[in-house]
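Asker: What follows is a predicted structure for the sequence shown.
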Amino acid sequence: MSAIAAVLRCHGEPIRDGEIERLIDAMKARGPDGVTVWSDGSVALACAKLHGTPESLAEQQPLAAVDGRFRMIWDGRLDNRDELRHELSLHHVQPRDDTDPELVLQTYLLHGERTPERLLGDFAFAIWDAQQQRLFCARDHIGARPFYYVLNDHFFALASEDEALLTLEGMSAVPNEDRLIYALVPSFDAFDWKRSWLKDVQILMPGTRMSVDCSRRVRRDVYWRMSIPDSDPPARSFESYQSEFAQVFSQAVADRMRSHAPIAAMMSGGMDSASVCAMATRLTRARGAS
């Protein structure tokens with residue numbers, strides 16, 4: 001996973017010297033393939049890159065739109081790239097390259113804040129709109145990529161690690177006591193999952209998007225929830241369910257094998273990780289790889 005970071009100073013206050021650099025530097029272990037920083041007036045964006053997919057080798061972040069109005073930071077992996085490319089072609093849009101951030105940015109230019117609904121994969125990203133002076137953020141459906149943020153009287157800031165936010169002026173290392181109680185007392189069920197281990201830090205929840213502007217106006221909503229059928233599915237044979245699951249499972253594993261380097265697996269010793277490794281082995285052999 002790469003690391004992303006942003007700082008948006010409130011009420012026109014300019015970015016402080018070195019603050020975005022300190023913020024992204026605190027997460028440099030996530031980005032061994034280079035750190036890039038951009039700032040303008042009250043906003044600063046940064047990315048510490050970890051190349052995972054073949055396409056990520058060509059990523060340029062923060063990514064700018066042609067007219068310079070939008071700039072984007074991205075940590076993720078798109079699984080419906082072909083679908084997005086097809087839709088863009090229907091609108092006569094030709095992406096400038098084949099990277100995931102470019103596909104997402106071009107989709108955003110078409111669909112705006114409805115973009116997360118059209119994405120499939122693991123992702124956390126933010127897009128700065130220089131005209132509206134607004135930062136739009138989103139996190140994937142199940143929260144596979146991290147997204148922490150803080151909003152106070154002076155700034156809004158986001159990061160891929162909560163402790164990195166402690167590098168910002170005025171941030172407190174005081175822990176969130178409810179989180180500690182939840183970890184220690186099984187009967188405690190009043191914990192707010194939107195809060196981090198740190199008292200001042202919040203978590204953008206899975207399947208959620210958010211926009212923040214320089215006046216501290218925040219709009220947040222859930223774009224996806226897991227749906228539960230009202231009734232049992234039609235009766236089918238065990239073999240048909242088995243076949244359908246195998247198709248979905250094999251595609252999910254294949255999506256996560258899209259890599260520019262040899263893949264590896266972390267084993268827990270249980271059936272889940274063993275099944276993933278078995279499917280990865282089958283797919284590798286089917287591709288004729290060693």
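Answerer: Alright, I've got the coordinates.
Asker: Show me what the helix or strand hosting Q242 is packed against.
Answerer: Assigning secondary structure by DSSP states H and E places Q242 in helix 238-255. Other elements packing on helix 238-255 under the criterion 3 or more C-beta pairs under 8 Å, 6 or more residues apart in numbering; DSSP states H and E are helix 271-286. In short, each C-beta sits where N, CA and C put it, glycine included.
Asker: Could you export the helix holding Q242 as PDB, CA atoms only?
Answerer: Taking only C-alpha atoms (Å, rounded to 0.1, in the frame of the first residue of the first chain), the coordinates of helix 238-255 have been written out as PDB:
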ATOM      1  CA  PHE A 238     -25.300 -27.500  -4.800                       C
ATOM      2  CA  GLU A 239     -23.300 -27.800  -8.000                       C
ATOM      3  CA  SER A 240     -24.600 -24.500  -9.400                       C
ATOM      4  CA  TYR A 241     -23.800 -22.600  -6.200                       C
ATOM      5  CA  GLN A 242     -20.400 -24.300  -6.200                       C
ATOM      6  CA  SER A 243     -19.700 -23.200  -9.800                       C
ATOM      7  CA  GLU A 244     -20.900 -19.600  -9.200                       C
ATOM      8  CA  PHE A 245     -18.700 -19.200  -6.100                       C
ATOM      9  CA  ALA A 246     -15.700 -20.700  -7.900                       C
ATOM     10  CA  GLN A 247     -16.100 -18.000 -10.600                       C
ATOM     11  CA  VAL A 248     -16.300 -15.100  -8.200                       C
ATOM     12  CA  PHE A 249     -13.500 -16.500  -6.000                       C
ATOM     13  CA  SER A 250     -11.100 -17.100  -8.800                       C
ATOM     14  CA  GLN A 251     -11.700 -13.600 -10.200                       C
ATOM     15  CA  ALA A 252     -11.200 -12.000  -6.800                       C
ATOM     16  CA  VAL A 253      -7.800 -13.800  -6.400                       C
ATOM     17  CA  ALA A 254      -6.800 -13.000 -10.000                       C
ATOM     18  CA  ASP A 255      -7.500  -9.300  -9.400                       C
END
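Asker: ok and that helix relative to helix 271-286, angle-wise?
Answerer: Between the direction of helix 238-255 and that of helix 271-286, the angle (axes from the mean of the first three to the mean of the last three C-alpha atoms, to 10 degrees) works out to 70 degrees.
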